[in-house]
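Visitor: pasting a predicted model and its sequence here:
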Amino acid sequence: MGQTILVSGEIAEDLTYYYATSEQTPSSVALGVLMNKDNTVRQAGGFIIQLMPGASEEIITKLEMKLGEIQSVTSLMDVGNTPEMILEHILGEFGLEIGEKIPTSFYCNCTKERVEKAIISIGREEISQMIADGKPIEVNCHFCGKNYEFTVAELEDMLAKATH
């Protein structure tokens, strides 16, 4: 797995830089987020366009011109453009074909078993201290907010599994 520095702190710019330096793939990355007044996300989206090997200078020039003309992804979404409309706007003259659509959603893949593995990884000394406290512990997932409770007996089982 490669590493690259963050050049600006703007996610889209840093991804563009990563693709250019780590993968040597010329790319255009644009991202946008529209927020509600209560600080929740109303809409978020973006695109990554990468050149295929052997792309002609003519196509590269036309694509650069088209990308230079577009407004921000945020403003395109704000006026009701769908992802397909944005792609059609940018790539329509290049023979755009949408082969598949996959629904997106936020979900957290945390489970009690994964949290248990994380506790085991902190080591025998920490787990022993939790057991000595004689009370159940609660672990909260910072992504989805789910709470997991572990009894002293469960902590003792984890202690037996801990290697360090």
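Guide: That came through fine.

Visitor: show me the helices in this protein, by range?
Guide: 11-21, 57-69, 73-78, 83-91, 112-121, 124-133, 152-161 (DSSP state H).

Visitor: looking at these, which is closest to Pro103?
Guide: Judged by CB to CB, the one of the helices of the chain that comes nearest to Pro103 is helix 83-91, at 11.6 Å. C-betas here are computed from N, CA, C, even on glycine.

Visitor: could you list every helix and strand that that closest one packs against?
Guide: Using 3 or more CB pairs under 8 Å, 6 or more residues apart in numbering; DSSP states H and E as the contact criterion, the neighbours of helix 83-91 among helices and strands are strand 41-50, helix 57-69, helix 73-78.

Visitor: what's the most buried one of these?
Guide: Per-residue neighbour counts averaged over each of those give the maximum for helix 73-78, namely a mean of 18 (mean count of other CB atoms under 10 Å).

Visitor: that older thread, Gly145 is nearest to which of the helices of the chain?
Guide: Gly145 lies closest, by CB to CB, to one member of these: helix 112-121, at 13.3 Å.

Visitor: for the closest one, C-alpha coordinates in CSV please.
Guide: What follows is helix 112-121, C-alpha atoms only, in CSV (Å, rounded to 0.1, in the frame of the first residue of the first chain):
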residue,chain,number,x,y,z
LYS,A,112,-19.8,-7.1,19.3
GLU,A,113,-17.2,-9.6,18.0
ARG,A,114,-15.2,-6.8,16.3
VAL,A,115,-15.3,-4.7,19.4
GLU,A,116,-14.2,-7.7,21.5
LYS,A,117,-11.1,-8.1,19.2
ALA,A,118,-10.3,-4.4,19.7
ILE,A,119,-10.4,-4.9,23.5
ILE,A,120,-8.2,-8.0,23.3
SER,A,121,-5.7,-6.0,21.2
